[in-house]
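Chemist: Next comes the sequence, and after it the predicted model I'd like to discuss.
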Amino acid sequence: MAQRLLRPIRWSIPSERIVITNGASNGLATILQKFTDPSTRAVWMADPTYFLACPIFRDAGLMARIRGAPEGEDGVDLDFLAKALQEVDDGWPADASLPPRKLAKTGYPKIYKHVIYLIPTFSNPRGKTMGIENRRKLVQLARKHDALIITDDVYDMLRWLVADNGDSNVAGGFFLYVSFGKLTGAEIAQVALQDFNLKIAPGSIFAVPDDPLSTSRGETSCFNGARLCWAWHEKEELVEGIERLAAAIGSISETRE
């Protein structure tokens with residue numbers, strides 16, 4: 001399994017460093033149990049984010065510490081993240097009443113000050129991929145601020161060749177994120193489900209919860225779109241789904257004319 005997983009990226013990692021879990025969600029929960037505790041200062045999630053990861057952070061007791069870091073065309077905005085990390089560290093109280101930190105050198109498990117959660121390859125929901133140089137910079141930033149990087153990289157092997165007239169920014173995964181201009185994804189999703197028996201994921205559900213800045217960013221970026229998924233459907237069903245989506249958009253547009 002180590003050879004199979006690492007062949008595309010040509011890493012040399014021993015099989016002892018691979019842990020079998022009951023799926024990505026269980027893997028994330030296990031990591032948080034091992035490497036975080038009440039002294040963890042903040043969780044940083046690429047924004048927009050995979051919404052089903054949020055309850056796992058909540059179950060780990062970290063919900064109040066989740067913050068969004070906006071995602072651009074080349075992954076997470078590192079300038080924003082660097083500034084935000086520094087602000088949290090500068091404002092963290094040196095209070096004796098805080099739980100003592102467990103340090104690896106004392107025989108306790110390593111507990112990180114920060115967690116950075118992202119999907120660097122074909123991100124969910126927008127399908128963006130972080131460039132290699134930004135990945136290096138992210139690692140350097142994480143080392144500076146004692147941050148654990150968790151990459152929910154489950155789509156990296158789901159890639160395809162890009163046509164000459166295709167969008168090279170989206171070349172893998174099984175999602176497509178589309179924007180609807182002046183219409184919001186939420187209103188289109190509601191009409192699509194009620195009137196056309198079509199379910200889509202509106203952009204509003206991908207905002208980082210309990211982070212007002214994430215909601216504010218979403219209103220000007222992802223809330224006017226939706227994630228379309230083709231993981232479980234045949235070509236004929238996908239074509240019909242797009243036709244129903246077009247009909248839903250047309251129905252809303254007609255009522256506004």
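Modeler: Yes, it's here.
Chemist: going forward, measure contacts between C-alpha atoms and count neighbours the same way
Modeler: Will do.
Chemist: mind listing the helices for this protein?
Modeler: Assignment of helices within the chain using DSSP state H yields the ranges 2-6, 24-35, 54-59, 78-91, 132-144, 185-196, 212-219, 235-256.
Chemist: Tell me which other helices or strands the second one touches.
Modeler: In terms of contact count using 3 or more CA pairs under 8 Å, 6 or more residues apart in numbering; DSSP states H and E, helix 24-35 is assigned the packing partners helix 54-59.
Chemist: I'd like to know which elements the helix it packs on is packed against.
Modeler: helix 24-35.
Chemist: circling back to that earlier point, quick one: closest of the helices of the chain to Leu158.
Modeler: Smallest distance to Leu158 across the helices of the chain (CA to CA): 12.7 Å, for helix 2-6.
Chemist: pLDDT (mean, whole number) over the closest one?
Modeler: What helix 2-6 shows for mean pLDDT is 72.
Chemist: what about that helix, distance to the chain center?
Modeler: When C-alpha coordinates are averaged (CA atoms, centre = their mean, to the nearest Å), helix 2-6 and its chain have centres 24 Å apart.
Chemist: same question, stretch 29-36
Modeler: Chain-centre distance of stretch 29-36: 18 Å, with CA atoms, centre = their mean.
Chemist: before we move on, the earlier item: so can I have a markdown table of the helices of the chain showing mean neighbour count and distance to Ala46?
Modeler: Below are these laid out as a markdown table (neighbours: other CA atoms under 10 Å; distance: least, CA to CA, whole Å):
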| stretch | mean neighbour count | distance to Ala46 |
| --- | --- | --- |
| helix 2-6 | 12 | 24 |
| helix 24-35 | 15 | 15 |
| helix 54-59 | 16 | 12 |
| helix 78-91 | 14 | 10 |
| helix 132-144 | 14 | 12 |
| helix 185-196 | 18 | 20 |
| helix 212-219 | 17 | 10 |
| helix 235-256 | 14 | 28 |
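Chemist: Of these, which is nearest Ser15?
Modeler: Between Ser15 and the helices of the chain, the shortest gap by CA to CA is with helix 2-6, which sits at 5.3 Å.
Chemist: shaky segments in the stretch 101-250 of the chain?
Modeler: Along the stretch 101-250 of the chain, segments meeting pLDDT under 70 span 101-108, 160-170.
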